[in-house]
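> task: produce atomic coordinates for the following.
(chains A and B)
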Amino acid sequence: MATTGGGSPPALADELARLADALAGVADALDRARGRIGGVAPRSVAPGAAGHDLGAALDALSTRLAASGADTAAGAQLLRSRSAPDPAPPNRPGPRPGDARAP
Amino acid sequence: MRAERFLGSDPTPGDLAEADDLLRGLREVVLLLVEARGDLEPQLAADGVWTGPAATPLAEALGVLTTRLRALEDVAVDLARATEDWRRGFAARTDRTDELVEQMSRLAGRPDAQEGRDVVHRATEALAAEHDAAARRLRLAVEQAVVPLADHEPSDLAADLAGAGAALAGAVDAWVEQHAGEVAVAAAVLAEVSRLTRVVGALTGVVGDRDDVLDDEVTALARSGVGSHRLLGALRHVRAGAPARPLPRATFAGAGASGGPDLAERMHGRDHGTR
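Next up, the predicted model:
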């Protein structure tokens, strides 16, 4: 990254926004994967303990997918907040005492 | 069920349709995870943006996530492979169950077919044992497939990224400090552009005459800016369209009336000074 070497720093906010988009995409993919796994009933795929173990494995995978998805979504949210421009200062004075707009 | 009716029990229990559904689901999960990792890994390329000491914390945080995605992908792949192996053998055994049911149905009710029925029973028991063995292999494969999930530590990507962001902001601040002179020049150029922009409307006649844009200021800016010849040209264009200044009123009256020479005298080539 140019921030660490010579030259000019790239538009950091733009790069962070791009990364936030990528992370949001990852979070969405994880959520869809979790939903897809949750939609199957594996216990009747195989008899006895095999079916039970298969179901438990899919539950564990689903749990990890959900946790990773939430973690990634939080990361994307943080980067979005960092890449958002500072709010513009108010360009109008607020209501004064006695003003009709004053609460 | 025909198997229970003719064979006493189903030697190959299970639901083939659900196995197919599970296999489709796992394949979709693998594709989603591959796609997700494909979106993320370019961010970590050696020639990418997030390289260098200041970006190391961020790259490390992304690396943890990428590793996790790869582990989840491996688990899904291994589960899909185990399910696929099971499903392939399951389908073949189900076909053999159907064949045994067919054989037994032909032997049913025939007192002379006891030996044939015994053969079918033994084949049924062997098939059931084979099915159980396949189920045990499936169970073992599933057990091995989910081993990487046990290594998953809870992570806080947002916290890691927050720390990484602070390092990046520090690097940018250092860069700005190092290049303060260039930044000041850039700011001055931008200020000049801003001033020029303020009079462009008047120069091009878009906003007409504006009281807040003085002629002197317009001219000075037009001469000083980059591309001044264009601005001066525009200025001349604007002023050419401006109304001419009022001339003194023409009259045949004496010089005292208009303050100028007598028009009649001027027509004869004389003025006050030459009389």
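
> could you list the low-pLDDT ranges of chain A?
Within chain A, the segments meeting pLDDT under 70 span A:1-10, A:84-103.

> repeat that for 50
A:1-8, A:101-103 (pLDDT under 50).

> apart from its neighbours in sequence, what residue is nearest the residue nearest the centre of it?
Nearest to the mean C-alpha position of chain A, by Cα atoms, centre = their mean, lies residue A:73 at 1.6 Å. Distances taken as Cβ to Cβ, 6 or more residues apart in numbering or on different chains place residue A:27 nearest to residue A:73, at 3.9 Å, with adjacent residues excluded. No exception for glycine: its C-beta is placed from N, CA and C like everyone else's.

> which residues are in contact with stretch B:118-130?
B:7, B:8, B:9, B:11, B:12, B:93, B:96, B:97, B:100, B:103, B:104, B:107 (Cβ atoms under 8 Å, 6 or more residues apart in numbering or on different chains).

> now residue B:50: phi and psi?
Backbone dihedrals for residue B:50, given as degrees, to the nearest 10, come out at phi -90, psi 70.

> over to residue B:148?
Per degrees, to the nearest 10, the backbone of residue B:148 is at phi -60, psi -20.

> just give the number of residues close to it.
Using other Cβ atoms under 10 Å in any protein chain shown, residue B:148 is surrounded by 17 other residues.

> not counting sequence-adjacent ones, nearest residue to it?
According to Cβ to Cβ, 6+ apart, the nearest residue to residue B:148 is residue B:71 (4.5 Å).

> check contacts around the one you found.
By Cβ under 8 Å, 6+ apart, the neighbours of residue B:71 are B:148, B:149, B:151, B:152.

> of those, buried ones?
Listed as buried from these are B:148, B:149, B:152; burial here means 16 or more other Cβ atoms under 10 Å in any protein chain shown.

> just give me the least confident of those.
Going through those one by one, the lowest pLDDT turns up at residue B:152, 75.

> so how far is residue A:66 from that residue?
Remark: distance between residue B:152 and residue A:66 (Cβ to Cβ, to the nearest Å) = 12 Å.

> report the secondary structure state of the residue nearest to the centre of chain A.
Following DSSP: H, G, I helix; E, B strand; the rest coil, we place residue A:73 in the helix state.

> and residue B:153, by the same measure?
Under three-state DSSP, residue B:153 comes out as coil.

> number of nearby residues for it?
6.

> now do the one 4 residues further on
Residue B:157 is surrounded by 24 other residues when neighbours are defined as other Cβ under 10 Å.

> same question, the one 10 residues further on
The criterion is other Cβ under 10 Å. On that basis, residue B:167 has 16 neighbouring residues.

> let me see the confidence value for it.
85.

> which residues touch residue B:48?
residue B:42.

> touching, residue B:146 and residue A:61? I think so.
Yes. With contacts defined as Cβ atoms under 8 Å, residue B:146 counts as touching residue A:61 at a distance of 7.0 Å.

> more neighbours, these two?
More crowded of residue B:146 and residue A:61, by other Cβ under 10 Å: residue A:61, with 22 against 19.

> if I look at that one, how far off is chain B?
6 Å (Cβ to the nearest Cβ, to the nearest Å).

> okay, and that residue sits in which element?
In this structure, residue A:61 is located in helix A:48-83 according to DSSP states H and E.

> buried residues, that helix. List them.
A:50-51, A:53-55, A:57-58, A:61-62, A:64-69, A:71-80, A:82-83.

> skipping adjacent residues, who's closest to residue B:89 in space?
Nearest to residue B:89 is residue B:134, by Cβ to Cβ, 6+ apart, at 5.0 Å.

> quick check on that neighbour: phi, psi?
phi -60, psi -40.

> so who does it touch?
B:86, B:89, B:90, B:93.

> mind checking which helix or strand residue B:194 is in?
Using DSSP H and E, residue B:194 falls in helix B:180-204.

> for residue B:84, same thing?
helix B:56-107.

> what's the spacing between that helix and its chain's center?
32 Å (Cα atoms, centre = their mean, to the nearest Å).

> and what of stretch A:22-36?
On Cα atoms, centre = their mean, the centre of stretch A:22-36 falls 9 Å from the chain's centre.

> got it, and stretch B:16-32?
Counting by Cα atoms, centre = their mean, stretch B:16-32 comes out at 28 Å from the chain centroid.

> for chain A, see how far away residue B:127 is.
According to Cβ to the nearest Cβ, residue B:127 stands 13 Å off from chain A.

> that residue is in what secondary structure piece?
Short version, using DSSP H and E: residue B:127 is in helix B:114-145.

> buried set for that helix?
B:117, B:120, B:123-124, B:127-128, B:130-132, B:134-135, B:138-139, B:141-142, B:145.

> what mean pLDDT does it get?
Helix B:114-145 comes out at a mean pLDDT of 95.

> where does the stretch 1-150 of chain B have low pLDDT?
Ranges of the stretch 1-150 of chain B meeting pLDDT under 50: none found.

> in TSV, list the buried ones among the contacts of residue B:71 along with distance to residue B:161.
Formatted as TSV, the buried ones among the contacts of residue B:71 follow (distance: Cβ to Cβ, whole Å):
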residue	distance to residue B:161
B:148	24
B:149	24
B:152	19
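
> now do the helix holding residue B:127: distance to the chain's middle.
51 Å.

> next, the angle from it to helix B:56-107.
Taking axes from the mean of the first three to the mean of the last three Cα atoms, to 10 degrees, helix B:114-145 and helix B:56-107 form an angle of 180 degrees between their directions.

> ok, is the helix or strand that helix B:114-145 is followed by in contact with chain A or not?
Where DSSP H and E defines the elements, the next helix or strand beyond helix B:114-145 is helix B:157-178. Yes. Under the criterion of Cβ under 8 Å from any Cβ of the partner chain, helix B:157-178 makes contact with chain A via B:157, B:158, B:160, B:161, B:162, B:165, B:168, B:169, B:171, B:172, B:175, B:176.
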